[in-house]
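Colleague: below are the sequence and a predicted model; questions follow.
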Amino acid sequence: TTVDAAVSTAAEAVGATSPRAESNLKLVPAPTKTCNGKAATITVAMVAVALGFACCENLVYIFIFAPSSDLETKIGVLVLRSLFPVHPLLAAIQSIGVCRRDIEKDKSFGVGRSILPAILLHGSFDLVIMIASFLVAVNPDDEEFEERAETTSLVVSFVTVLFGVTYYVVQSRAQRKRLNELESGTKAGLLPTATAASDHALV
């Protein structure tokens, strides 16, 4: 086989051609990924997909559905929307639930429980923008009111995103600790069950 041929070639290169010498040459297996490494891979993949979606959504929203035809205004709105990375943040939050289910083997984390925090955060973010847009639409001649509504929506949106970042950091640190414990148990020959993993679940 290819492996045997490689071993024979290596043995000849070091001058060991006897069967006993060849048997002492062993291929070193590639190191396996740690639990935290697998979790990081899942998070990066989900955030990358969310970034692509957010980019397409912003371009379509600004250059196709935006009411203003002023290019400068469109670019300004595009930059402003880029300051609130809602979709990548939500993808990172959802990745915690995916890791709970697939790496920690916590079967209580299904699809619904994994995406619920993201739904609440995205819904709150959109609700603020919709209310501000509605109030501006019913008061089209009040420029001062429009300015206050836009400022308020920006502040509330920023607070919403900040809350999401804080939530992710807290949950991510807690998960990293659980994965380290899981890794230690695996190396020690202990196999934690889904029930044991769920005992560390956050309230």
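Modeller: In hand now; what should we look at?

Colleague: gap between stretch 121-131 and the chain center?
Modeller: Computed by Cα atoms, centre = their mean, to the nearest Å, the chain-centroid distance of stretch 121-131 equals 21 Å.

Colleague: which parts of that stretch are buried?
Modeller: 121-122, 125, 128 (16 or more other Cβ atoms under 10 Å). No exception for glycine: its C-beta is placed from N, CA and C like everyone else's.

Colleague: would you turn those into a markdown table with secondary structure, pLDDT and distance to Glu146?
Modeller: Below are the buried residues of stretch 121-131 laid out as a markdown table (DSSP: H, G, I helix; E, B strand; the rest coil; pLDDT from 0 to 100; distance: Cβ to Cβ, whole Å):
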| residue | secondary structure | pLDDT | distance to Glu146 |
| --- | --- | --- | --- |
| Leu121 | helix | 90 | 26 |
| His122 | helix | 89 | 25 |
| Phe125 | helix | 84 | 20 |
| Val128 | helix | 83 | 15 |
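
Colleague: can you add distance to Val136 and give the residues you listed back as a markdown table?
Modeller: Output for these, formatted as a markdown table (distance: Cβ to Cβ, whole Å):
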| residue | distance to Val136 |
| --- | --- |
| Leu121 | 24 |
| His122 | 22 |
| Phe125 | 17 |
| Val128 | 13 |
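
Colleague: helices of this structure, residue ranges please.
Modeller: For the chain, the helices defined by DSSP state H cover 2-13, 19-24, 35-60, 71-82, 86-102, 111-138, 143-187, 194-198.

Colleague: winner for burial among those helices?
Modeller: helix 86-102 (a mean of 22; mean count of other Cβ atoms under 10 Å).

Colleague: now it: average pLDDT?
Modeller: Here helix 86-102 scores 93 as its mean pLDDT.

Colleague: output the below-cut-off pLDDT ranges for the protein.
Modeller: 1-31, 66-69, 186-203 (pLDDT under 70).

Colleague: now do the spatially most central residue of the chain against Ile103, distance only.
Modeller: Centroid check for the chain by Cα atoms, centre = their mean gives Ala92 as the closest residue, at 2.3 Å. Per Cβ to Cβ, to the nearest Å, Ala92 is found 15 Å from Ile103.

Colleague: if we can go back for a sec, for Gly37, state which of the buried residues of stretch 121-131 is nearest.
Modeller: Using Cβ to Cβ, Leu121 is the member of those that sits closest to Gly37, with 26.9 Å.

Colleague: ok, the closest residue to Phe158 other than its chain neighbours to Ser95 distance?
Modeller: Among residues not flanking Phe158 along the chain, Phe84 sits closest, at 7.4 Å (Cβ to Cβ, 6 or more residues apart in numbering). According to Cβ to Cβ, Phe84 and Ser95 sit 19 Å apart.
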